[in-house]
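> the sequence and its predicted three-dimensional model are supplied below.
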Amino acid sequence: MRSRLLVIGAGELGTACALSLLANMRGRDARAGDVVTMCARDREYLQELEHGSKTFRLFGNNIRVPSQMCFQALGKEMAEEAFHCEASLLCVPVSCFAEGNGDTPREKASAGVCDCLGRHADAPIFVFGRGFSRDGLTPVEELNRVIRPRPSKLVVVSGPLFAKEWAAASVQENTTSKSSSHAASSNSGVSIAFAMADATDAETLQAVKDISQRLWCRESVTWLKEPKSFRPSFTC
């Protein structure tokens, strides 16, 4: 069965996150069939990335789309082939999923994000999103309010501060690395901190920690242990 990593968001942060996942795959023995899928609401942009120029144009220079990446428009059913979602990575601001399920393009896009996350609520959701909803809720609080079934493995992510630098480090690895041993020994210079709710059981916490260490073996990964570390990462 194919294993997917779902990156939700095609902006700078989503692009950098997807590129980092692919760069890290060079530093480990990726399982056969693993793919990184970028999910976003702009179907025309995704079509351009997949079938047109096949080039990202977000950081002032052209970045070619890696061959291992695929794309999926939000609100459209995933391909019928069976796949296992290993993790979802939410790389959109809280405003993208705080609206209702109405008929406007914005509300339809919000519903698409919620539907995508809800269908894979049993997999870890790494929340890179920032900001507050109009009701003053953080991304995690908003997710717990709108996603059904309620996700049980929400992970707060703090960092990296600059998506451009993260993307540049990942692109360099993707284009210059000649062997998995080189990638395994390299470090992107990017630091990422993670936290889960204090009530998370030890087995679940360790399982998600293992996933984070495997997905970002080139980054400096820190897990925050202080009580209530789960919320403050979203106060900026």
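Nice, I can see it.
> please make it C-alpha for all contacts and neighbour counts, starting now.
Fine.
> quick one: pLDDT of the nearest residue to residue 223 once chain neighbours are set aside?
Using C-alpha to C-alpha, 6 or more residues apart in numbering and skipping the chain neighbours, the partner closest in space to residue 223 is residue 194 (4.8 Å). You'll see residue 194 listed with a pLDDT of 95.
> ok, residue 194 to residue 73 distance?
Using C-alpha to C-alpha, to the nearest Å, residue 194 is found at 28 Å from residue 73.
> re earlier: contacts only, for the residue nearest to residue 223.
By C-alpha atoms under 8 Å, 6 or more residues apart in numbering, residue 194 lies in contact with 155, 156, 157, 158, 221, 222, 223, 224.
> please apply the same query to residue 87.
Counting by C-alpha under 8 Å, 6+ apart, residue 87 touches 4, 5, 6, 123, 124, 125, 126.
> where does the prediction get shaky in the chain?
Along the chain, the parts satisfying pLDDT under 70 run over 1-2, 27-34, 76-82, 97-109, 131-134, 136, 172-185, 228-236.
> ok, and the residue nearest in space to the middle of it, which helix or strand is that part of?
With distances taken as C-alpha atoms, centre = their mean, residue 89 lies nearest the centre of the chain, 2.3 Å away. Secondary structure from DSSP states H and E places residue 89 in strand 83-90.
> quick one: strands adjacent to that strand?
Paired neighbours of strand 83-90 in the sheet (DSSP bridges): strand 2-8 (parallel), strand 125-127 (parallel).
> that strand: how far from the chain's middle?
Computed by C-alpha atoms, centre = their mean, to the nearest Å, the chain-centroid distance of strand 83-90 equals 8 Å.
> in this protein, which spans are helices?
Applying DSSP state H to the chain gives helices spanning 12-25, 43-51, 105-119, 139-146, 163-176, 180-185, 202-215.
> related to what we said a few turns ago, mean neighbour count, the strands paired with strand 83-90: which tops it?
strand 125-127 (a mean of 24; mean count of other C-alpha atoms under 10 Å).
> and for that one, what's in contact with it?
Strand 125-127 is contacted by residues 87-91, 117, 139-140, 151, 153-157 when judged by C-alpha under 8 Å, 6+ apart.
> ok, what's across the strand from residue 84?
Residues in a beta bridge with residue 84, per DSSP bridges, are residue 3.
> ok, it - how many residues close by?
By other C-alpha atoms under 10 Å, 13 other residues sit near residue 84.
> distance of it from residue 122?
Taking C-alpha to C-alpha, one finds residue 84 at 11 Å from residue 122.
> re the thing from before, send the alpha carbons of the strand holding residue 89 over as CSV?
Taking Å, rounded to 0.1, in the frame of the first residue of the first chain, the C-alpha atoms of strand 83-90 are listed here in CSV:
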residue,chain,number,x,y,z
PHE,A,83,-2.9,4.6,0.2
HIS,A,84,-1.9,5.0,3.8
CYS,A,85,-1.6,8.6,5.1
GLU,A,86,1.4,8.6,7.4
ALA,A,87,1.0,12.2,8.5
SER,A,88,-0.6,15.5,7.5
LEU,A,89,1.3,18.8,7.6
LEU,A,90,-0.9,21.9,7.9
